[in-house]
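J.: Return atomic coordinates for the entry below.
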Amino acid sequence: MSSSTAPPKIRLREIRKAFASKVVLDGVDLAIEEGESLVIIGGSGTGKSVLLKHIIGLMKPDRGTVTVDGTDLSTLGYREITGFRRRFGMAFQEGALFDSMTVAQNIAFPLERARRFDRSAVRKRVDECLGLVRLDGAEEKMPSELSGGMRRRVGFARAIALKPAILLFDEPTSGLDPVMTALLDEVILDLQRTLESTTVTITHDMTSAFRIADRIAMLHRGKIIAIGTPKELKADTDPRLLQFLEGRAEGPLSE
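T.: Numbers count the residues shown, from 1 in each chain. A predicted model of the protein is given here:
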């Protein structure tokens, strides 16, 4: 992680977002430092995915600003924001692969759209990405032939194809067994270190969160109510955080 005197890689200031009368984000203030792995936790429907979409510019806040590398995303036009998103790699739940394409074709898709690479360069980068996610030799497989964990890793490989500076993971281990979850956590950490990227992950899996995070932020009722290192969060006495970390049915989150 860079020095604390450096400006944050991503800065959200007083972000508010509502859909009709439902307020999803209510004054979110968050700084994500260059090169860190930040994990965002919180209950279902608390706005974690909405927050992620604001970071990548897929949604605009009703109020507040999102800046990435010092650029206010609200100042960018459609063409500019489309180009700006190339700094991001997004890994969706379940991998979100194209079922009619092979593994290699899925990973090659963003490279071919960029129109900056010849066929041999695309093939080389596909092989590199598969190696990084520990799937050497899977190029010609179809998504239907892959396990859930393999599909996620192909999604990771596609997300890193253009060597993004920022990686976003949306529930990367949801529904997977503990062994596969541990493997995906190792891959996420490997990708962050190899690419020297800034990583933002949303998850419900606290074992995974504590394994991959430099810092963890908890989102509740549209606000960040706790943020710190895994050690700091384990020492936090906020009853809402404690209930979530301990997975208890009874407590303030249930009220």
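J.: Touching the helix-or-strand element of the chain with minimal mean pLDDT from outside, list them.
T.: Least confident helix or strand, the chain: helix 78-84 with a mean of 85, by mean pLDDT, DSSP states H and E. When contacts are defined by Cβ atoms under 8 Å, 6 or more residues apart in numbering, helix 78-84 is touched by residues Gly57, Val68, Thr71, Leu73, Leu76. The C-beta positions use only the backbone N, C-alpha and C, and glycine is treated the same way.
J.: And for stretch 204-214?
T.: When contacts are defined by Cβ under 8 Å, 6+ apart, stretch 204-214 is touched by residues 1, 36-39, 41, 44, 171-174, 178, 181-182, 184-185, 188-189, 199, 201, 203, 216, 229-230, 244-245, 247.
J.: run the last query once more with 7 Å
T.: With contact meaning Cβ atoms under 7 Å, 6 or more residues apart in numbering, stretch 204-214 is reached by 1, 36-39, 41, 173, 181, 185, 188-189, 201, 203, 216, 229-230, 245.
J.: which stretches of this protein have low pLDDT?
T.: 1-7, 94-95, 254-255 (pLDDT under 70).
J.: Which SSE is immediately downstream of the top helix by length along it?
T.: Longest helix in the chain by number of residues (criterion: DSSP state H): helix 178-195. Following helix 178-195 in sequence order, the next helix or strand is strand 198-202 (DSSP states H and E).
J.: quick one: buried residues of the following helix or strand past that next one?
T.: Sequence-wise, the next helix or strand downstream of strand 198-202 (DSSP H and E) is helix 206-212. Counting neighbours by 16 or more other Cβ atoms under 10 Å, one finds that the buried residues in helix 206-212 are Met206, Ser208, Ala209, Phe210, Arg211, Ile212.
J.: what packs against the next helix or strand after helix 206-212?
T.: For helix 206-212, the succeeding helix or strand toward the C-terminus, using DSSP H and E, is strand 215-220. For strand 215-220, the packing partners by 3 or more Cβ pairs under 7 Å, 6 or more residues apart in numbering; DSSP states H and E come out as strand 37-41, strand 223-228, helix 239-246.
J.: how about a cut-off of 10 Å?
T.: strand 22-32, strand 37-41, helix 48-55, strand 198-202, helix 206-212, strand 223-228, helix 230-235, helix 239-246 (3 or more Cβ pairs under 10 Å, 6 or more residues apart in numbering; DSSP states H and E).
J.: Also compute the angle for the last one relative to strand 215-220, please.
T.: Going back to what we said before, that points to helix 239-246. Using axes from the mean of the first three to the mean of the last three Cα atoms, to 10 degrees, one finds that helix 239-246 and strand 215-220 are set 110 degrees apart in direction.
J.: outside of helix 239-246, which residues touch it?
T.: By Cβ atoms under 10 Å, 6 or more residues apart in numbering, the residues outside helix 239-246 that reach it are 41-43, 204, 206, 209-210, 216, 218, 220-221, 225-226, 228, 233-234, 236, 238, 248-255.
J.: Flag every buried residue along that helix.
T.: Applying a neighbour-count criterion of 16+ other Cβ under 10 Å, one finds Arg240, Leu241, Leu242, Gln243, Phe244, Leu245 buried in helix 239-246.
J.: Now compare the residues you listed and name the two farthest from each other.
T.: Farthest pair in the buried residues of helix 239-246 (Cβ to Cβ) is Arg240 and Leu245. Separation: 9.8 Å.
J.: From one end of stretch 220-230 to the other, what's the distance?
T.: By Cα to Cα, to the nearest Å, the extent of stretch 220-230 from end to end equals 18 Å.
J.: shouldn't Pro230 be in contact with Ile41?
T.: No: counting by Cβ atoms under 10 Å, Pro230 sits too far from Ile41 to count as a contact (11.1 Å).
J.: The two: who's more crowded?
T.: More crowded of Pro230 and Ile41, by other Cβ atoms under 10 Å: Ile41, with 24 against 17.
J.: beta partners for the more buried one?
T.: In this entry, Ile41 is beta-bridged to Met218, by DSSP bridges.
J.: Next, Glu34: secondary structure please.
T.: Using DSSP: H, G, I helix; E, B strand; the rest coil, the structure places Glu34 in coil.
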